[in-house]
Structures are given as structure tokens and as C-alpha cells.
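Trainee: predicted model and sequence follow; I will ask about them next.
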Amino acid sequence: MKFYILALVLAVADAGLIFGDTNCVIIHNVNFEKEILKSDVQSPYQLAIDHDTNTLFFSYTARTDEMFKIAYLSLKTGDFGIVSGIHGGFATAIDRMSHVIYMGGDDGIYRFDYDNKDATNLHINENSNIWQMFYKNALYFTTYPEEKAYVYKSKKLYEIADLLNVKVMLIAVNRQDNLVYTNSSGVFLYSKTDGSTIQLNNGVANGITADIEGNLYFSTASAIYSIDDKTNAVERLARLENTYGMAIDNAGNIIYATEDSIIRLKPSRKVCIDDKLFSKSVDEVSASFHT
């Protein structure tokens, strides 16, 4: 029985009823082609973009010494390199107003120097392993394995009082200045207005980011999502297996990481295979066989 159904599906595909390119993704009825920006990078994670220079920063595992390091990749020229001077580099956040690039290592917070392509320890929270960072009017970051959330503002460090009693792996601030954070139970929003907390999604997020307008997005191992900061609705934009993290470039294109590559989704005229349409077509062929 399965053989005949498969034969019918192949016949339909051969007839042109199922067609397209699996190297592209459909988001909001727009086709996006997968463009590999960088390959042969082990477990790229914690993607962040400096929109002023159009430079992507990310953490990866160096195969030579099995240590986390931070790399930079120019989205304009393709220039790639490793940030020196930081121990166990794992996170990046950008203050666009002052154009300060913060980086997190296993001994606190650093500042990146574009001229020398190195980082200098600022001696902030030196006893903590910085896990993730986000900047909006202040530097927010989390530590591991404690899973605590902090904010560094006006040269003072505070543990975020509103999140003292919860585990926090990733943290961000939306356009309404509400806190969005993640842990092993899902994605949550803490409202600064009324002090309430709501769960936005029950997936385990591995990356959270903002576009140039401040809209928030997050990724899980199998998909990328957007968050509407007015309604707090979460929308799955695309299913992308083996995702390690994401960022949004200056043009609004999604950049995401896989096990060994950095990929950008660029608008394309290619015809994509829509997973939902494909599944529907298979079901229709199967149903017609049984009738």
C-alpha cells in the first residue's frame, strides 16, 4: 500500500504539481533564498549585529583548544576574524548611541576595539561567566550556571529586582520597555506597567535579538519567531531545523546559525517548497487513492 502511495506522490511531483527549491524559505508569502555567509565554524551562537558598521559578531567553539571565542564577520566585505584579548568569549551587545561594543567572557565584561580587533576587560562582574547580553538604554546580561539577570547602568551593577526569584538564560527589552526573558520552561514577558508575568511560548529559546527598529525575535532549535510588542502575540516565521541562534541585518533579512554555518535569508524569485502545501498534496493524493 505504501509503495503505491509513494508512486502516486512521485507521479504528481513529476507532473509539476509539487515543485520548488528546498534551499529557500517562505515567510509571509515571500520567498527567501538561503545564502551561506560563513561555513566551517563550530557551533556558532549568540549572534549580534552592529548596525552602524553592518558587522556580525558571534560566539563559536574553537576546535584547537575547545574554548569559546568571539568572531566578527563584515556583512559588507566578508572580512572575518577572531577577537583577541577575551577569555571564553561568549556574548555581545551593542550600545548604538555611544557605539560601544560590549562582550562577555568567563571573567566578566569587555569592551571591543575596532582598530585593534581586540577586547579589554572592564572589570565588571569579573567573578561571573557571562552567558548572554542585550543593550537598550543600559546593558542587560545573564550569568551561567547561576542563571541570574543583571543590568549595568550609570557605571553601577544591579541584579534585576523584578527577576530575583526566576531563572533567566536569555534577556531582552521590548519597545514598551518590558522585560522578555527565557529559561528551560519557555519564553516570558514581565510587564513594567503592572508587574505581571505572562508566558509567551513554551519552547526552549537559544537566541533572542532585536531588529534595527527594536522589534524582538527569538529562535529555538527548530524555528524562528517574532514577538508583537503591542499584543504580545508570538508568530512562527519559519521552520528551520538545527538552528543555533539568529539576528536581523540592516535590511531586515534574517541571519541564523546552524551547527557549522552562518546563513542569511535573502528575498528571491525562486519557487520554494511550502511544507504545509507539500503535506496537503500528499494527503490529497493518498485520499484519492483510497477512494
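Mentor: On my side now, so go ahead.

Trainee: any idea how far residue 71 is from residue 90?
Mentor: With distances taken as CB to CB, to the nearest Å, residue 90 is found 12 Å from residue 71. In short, each C-beta sits where N, CA and C put it, glycine included.

Trainee: quick check: neighbours shared by the two?
Mentor: Overlap between the contact sets of residue 90 and residue 71, as judged by CB atoms under 8 Å, 6 or more residues apart in numbering, is given by residue 59.

Trainee: of those two, which one has the most company?
Mentor: residue 90 (24 against 19; other CB atoms under 10 Å).

Trainee: can you check the pLDDT for the more buried one?
Mentor: Confidence at residue 90, expressed as pLDDT, is 94.

Trainee: please, which helix or strand holds residue 60?
Mentor: Under the criterion DSSP states H and E, the helix or strand holding residue 60 is strand 55-62.

Trainee: any low-confidence regions in this structure?
Mentor: 1-22, 63-66, 273-291 (pLDDT under 70).

Trainee: just the helices from it, written as ranges.
Mentor: All helices of the chain, identified by DSSP state H, fall at 2-14, 275-290.

Trainee: quick one: residue 47 and residue 58 touch, right?
Mentor: Yes. In terms of CB atoms under 8 Å, residue 47 counts as a neighbour of residue 58; the distance is 4.8 Å.

Trainee: of the two, who's got more company?
Mentor: For residue 47 versus residue 58, the count of surrounding residues by other CB under 10 Å is larger for residue 58: 29 against 23.

Trainee: who's in contact with the more buried one?
Mentor: By CB under 8 Å, 6+ apart, the residues touching residue 58 are 41, 44-48, 70-71, 73, 92, 245, 257, 262.

Trainee: any idea how far it is from residue 146?
Mentor: Distance, residue 58 to residue 146, by CB to CB: 23 Å.

Trainee: and residue 235, how far from residue 207?
Mentor: The spacing between residue 235 and residue 207, counted by CB to CB, is 16 Å.

Trainee: looking at those two, which one has more neighbours?
Mentor: residue 207 (24 against 12).

Trainee: quick one: neighbours of residue 213, just the number.
Mentor: A total of 8 residues lie near residue 213 under the criterion other CB under 10 Å.

Trainee: shared neighbours, residue 47 and residue 58?
Mentor: With contacts defined as CB under 8 Å, 6+ apart, the residues adjacent to both residue 47 and residue 58 are 245, 257, 262.

Trainee: of those, which is the nearest to residue 116?
Mentor: When these are compared for distance to residue 116 (CB to CB), residue 262 wins out at 23.4 Å.

Trainee: on that earlier part again, looking at the shared contacts of residue 47 and residue 58, which are in strands?
Mentor: Using DSSP state E, 245, 257, 262 are the members of these that sit in strands.

Trainee: and the first one, what does it touch?
Mentor: Contact analysis of residue 245 by CB under 8 Å, 6+ apart lists 44, 45, 46, 47, 58, 206, 207, 219, 256, 257.

Trainee: then residue 112?
Mentor: With contact set as CB under 8 Å, 6+ apart, residue 112 has these partners: 57, 83, 92, 101, 102, 103, 118, 119.

Trainee: domain-wise, how is the protein divided?
Mentor: Here the domain parsing of the chain from automatic domain parsing is 1-19+274-291, 20-272.

Trainee: tell me which of these sits most buried.
Mentor: Ranked by mean neighbour count under mean count of other CB atoms under 10 Å, the domains of the chain are led by domain 20-272, which reaches a mean of 17.
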